[in-house]
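*Asks:* take a look and give me a structure for this.
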Amino acid sequence: MAATQTRLKARLAEILRVELGAAPNLRIVEGDALDFDLAAAAREAGRPLVVVGNLPYVVTSPVIFATLAAAAGGQAVDRAIFMVQKEFAQRMLSPPGSRAYGRLSVMVQHAALAALAAAGIEPTRRAEELSVADFARLAQALAHA
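*Replies:* The predicted structure is shown next:
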């Protein structure tokens, strides 16, 4: 699994280089995540990427849209894990007909439903009804998507 880090403060980048620089599967890049070419990085790594980030509100939508586009087909992005502000997370999870429901909600929810379907999990079940086996199937489906 290859990892790349973008949009870092110089001090954080230096700490990561000291602490993790020897890791063969980690690439630290100081730059703007909006300018980062996920497909090119995946080609260079020779495999799909795992994208992890703590996103500032102002760039969250464009970064998530770019990541979803790169994840289509599983060629550039294997999976993505983002920390976002609460209000943004609420927008992603907004139900149809709500004021916050829009393109972001549709795209993120569609990707999530596809992952659930690939894991053989009925998407209408409530989270508290899911078993450990359900989560294991979901994790396996995401790892092999």
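*Asks:* just the strands in the chain please.
*Replies:* For the chain, the strands identified by DSSP state E occupy 3-5, 26-28, 49-54, 77-83, in order along the chain.
*Asks:* want to throw those strands into JSON lines with distance to residue 43 and mean neighbour count?
*Replies:* To be clear about C-beta, it is placed using only N, CA and C from the backbone, and glycine gets the same treatment. As requested, those are exported to JSON lines (distance: least, Cβ to Cβ, whole Å; neighbours: other Cβ atoms under 10 Å):
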{"stretch": "strand 3-5", "distance to residue 43": "12", "mean neighbour count": "19"}
{"stretch": "strand 26-28", "distance to residue 43": "13", "mean neighbour count": "16"}
{"stretch": "strand 49-54", "distance to residue 43": "10", "mean neighbour count": "18"}
{"stretch": "strand 77-83", "distance to residue 43": "12", "mean neighbour count": "16"}
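*Asks:* could you save those strands as TSV and add columns showing mean pLDDT and distance to residue 61?
*Replies:* Formatted as TSV, the strands of the chain follow (pLDDT from 0 to 100; distance: least, Cβ to Cβ, whole Å):
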stretch	mean pLDDT	distance to residue 61
strand 3-5	52	20
strand 26-28	79	25
strand 49-54	82	13
strand 77-83	84	11
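*Asks:* quick one: find the helix or strand in the protein with the lowest mean pLDDT.
*Replies:* The helix or strand of the chain with the lowest confidence, counting by mean pLDDT, DSSP states H and E, is strand 3-5 at a mean of 52.
*Asks:* and the gap between the nearest residue to residue 90 once chain neighbours are set aside and residue 27?
*Replies:* Spatially, and ignoring its direct neighbours in sequence, residue 90 is nearest to residue 100 (6.5 Å; Cβ to Cβ, 6 or more residues apart in numbering). The gap separating residue 100 from residue 27 is 35 Å, by Cβ to Cβ, to the nearest Å.
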